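>>> What shape does this take:
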Amino acid sequence: MNKKEVLEIRKQFTPANCAITRISGCYVDHEKEKRMTSKDAFLSLPEEVAFKYFDIFKRTLSGSLGKNLLNMEFPTEQESPDGKQEFLMRLRKSKLTDIELLDEFYDKIIESYDYAENYYIVLIHAMYDIPGKGTDGAEIEDASEEVYEFLLCSICPVQLSKAGLTYNVEHDQIENRIRDWIVDKPDKGFLFPAFNERTTDIHSVLYYTKKSADLQQELIDEVLGAGIPKSADEQKESFKYLVQDVMKEQLNYENVRFLHDKLNELVEEHAEDPEPFEVDKNDVRKILQECVGDGEELTAYDQYYNKYVGEKGKLLATNIAEMKTFNLRTPNVNIKVDSDRADLVETKVIDGRPCVVIAVDGIIEVNGIDVVTVGKAKNHEV
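Residues are numbered from 1 along each chain as shown. Now for the predicted structure:
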């Protein structure tokens, strides 16, 4: 799914567009015991409750594609009888009215989701009448040719509210506040089937993770059975090792800054693309050639790329670029520079020692105090 397709589904989670038919939930305690299950027609919920659920569903379809939202495909065997995809198809067909199927679904999550505290599994069934689009891209409400029937699952931690004092209006006094169990923002979730090219794709699923470094492979294997792409953190690490092994002695500050600038340029050039922009083996080779030329450094490039990324593997540009800050770290000092002003930093040898030099424009602030730059100090009389 691309950004526009994700946004189109998110827009359905409003009172005006709501296409949700049913909602079911299961509250699980820290001992992995089911404490409560529910099953309701969504439109029967009080308005204030429905609004809070809308927030959860929107959050499950939020974040960056390739980082928080991962497109996954089902292997063929998972679409056969007793496969994970086939089970999800039966669950969707039941419209969340089959209690045994729901219990089996909850059990799959409880057995595989690695979380030591309480959490709430919420699952919805929805029917979205996809509007047609004219040649100008405008929606044509009465030109629908397909209904997108889907499930959205959200797994939300349940946290005990903080202790504190509260004002009791009835007693007109300050007293101890009763601590409640609060359903937090989702940690994991998925949309099935995927909404690819604005149509139902039963061969794919969109997976959500709050933290890109914590995909929870066992949960994906046991509940979805879908192929897992490299996470954002894994892609960044693969690119790091690739660059280090290919560039070797050429891995100086200037070349790393060039890589940083080049990647950021590519991301900005493709910022309006509906699909996340990826770089492949040839794209990365061209960037490295601009750094080191066609010398010996690139003779083993294919070998390293295949090792760290895969022969036909691709890297999401936003996962390997640093768009906000340019970071330099030594054993004792960390320096952060605005991403577009990395040119202010250079390396020099001063008095025989390698140094990082930062050009200063204006005042320097030290521990919140403005100080003058070198050469402009004033004499202070006592």
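>>> Now do the phi/psi pair for the residue lying closest to Glu278 once chain neighbours are set aside.
Excluding its sequence neighbours, the residue lying closest to Glu278 (CB to CB, 6 or more residues apart in numbering) is Lys314, at 4.1 Å. C-beta coordinates here come from the backbone N, C-alpha and C atoms, glycine included. Main-chain dihedrals, Lys314, degrees, to the nearest 10: phi -130, psi 160.
>>> same check, this time on Ile363
Residue torsions, per degrees, to the nearest 10, at Ile363 are phi -90, psi 150.
>>> Does it touch Ile369 like I think?
No - distance between Ile363 and Ile369: 10.0 Å, which falls outside the contact criterion (CB atoms under 8 Å).
>>> Comparing these two, which shows the higher neighbour count?
Ile363 (12 against 8; other CB atoms under 10 Å).
>>> Give me the distance between that one and Cys355.
In this view, Ile363 and Cys355 are 22 Å apart by CB to CB, to the nearest Å.
>>> Please enumerate the strands of the stretch 1-150 of the chain.
20-28, 34-41, 69-73, 119-130, 132-133, 139-140, 146-160 (DSSP state E, counting those that start in this stretch).
>>> which residues in the stretch 201-350 of the chain form strands?
Using DSSP E, counting those that start in this stretch, strands in the stretch 201-350 of the chain cover 204-209, 278-279, 315-316, 325-329, 334-338, 345-350.
>>> picking that back up, any idea how far the residue nearest to Glu278 lies from Ser64?
16 Å.
>>> More neighbours: which of the two?
In terms of neighbours (other CB under 10 Å), Lys314 is the more surrounded of Lys314 and Ser64; the figures are 19 against 14.
>>> The more buried one: what's it in contact with?
278-280 (CB atoms under 8 Å, 6 or more residues apart in numbering).
>>> how about the nearest residue to Cys153, chain neighbours excluded?
Leu123 (4.9 Å).
>>> these two touch, right, that neighbour and Thr21?
No - counting by CB under 8 Å, Leu123 does not reach Thr21; the two are 11.9 Å apart.
>>> intersection of neighbour lists for those two?
The contact lists of Leu123 and Thr21 share Leu96, where a contact means CB under 8 Å, 6+ apart.
>>> who touches stretch 12-23?
Against stretch 12-23 from outside (CB under 8 Å, 6+ apart): 11, 38-43, 45, 47, 50-51, 53-54, 57-58, 95-97, 122-129.
>>> of the residues you listed, buried ones?
Among the contacts of stretch 12-23, those classed as buried by 16 or more other CB atoms under 10 Å are 42, 50, 53-54, 57-58, 96, 122-126, 128.
>>> how many other residues sit next to Leu88?
So Leu88, with other CB under 10 Å, has 23 neighbours.
>>> gap between it and Phe105?
In terms of CB to CB, Leu88 sits 9 Å off from Phe105.
>>> same thing with Lys312?
In terms of CB to CB, Lys312 sits 34 Å off from Phe105.
>>> Quick check: Trp181 touching Tyr120?
No - counting by CB under 8 Å, Trp181 does not reach Tyr120; the two are 9.2 Å apart.
>>> State the distance from the nearest residue to Glu149 once chain neighbours are set aside to Val6.
The shortest distance from Glu149 to any non-neighbouring residue, by CB to CB, 6+ apart, is to Met127 (5.3 Å). According to CB to CB, Met127 stands 18 Å off from Val6.
>>> Please apply the same query to Pro157.
23 Å.
>>> of all the strands of the stretch 1-150 of the chain, which lies closest to Phe258?
Nearest to Phe258 among the strands of the stretch 1-150 of the chain is strand 69-73 (30.1 Å), distances taken as CB to CB.
>>> now the closest one against strand 204-209, angle please.
Going by axes from the mean of the first three to the mean of the last three CA atoms, to 10 degrees, strand 69-73 is angled at 150 degrees with respect to strand 204-209.
>>> and strand 69-73, how far from the chain's centre?
Distance of strand 69-73 from its chain centroid, counting by CA atoms, centre = their mean, to the nearest Å, is 11 Å.
>>> Now do Glu139, the pLDDT please.
We have a pLDDT of 64 for Glu139.
>>> Right, I'll leave it there.
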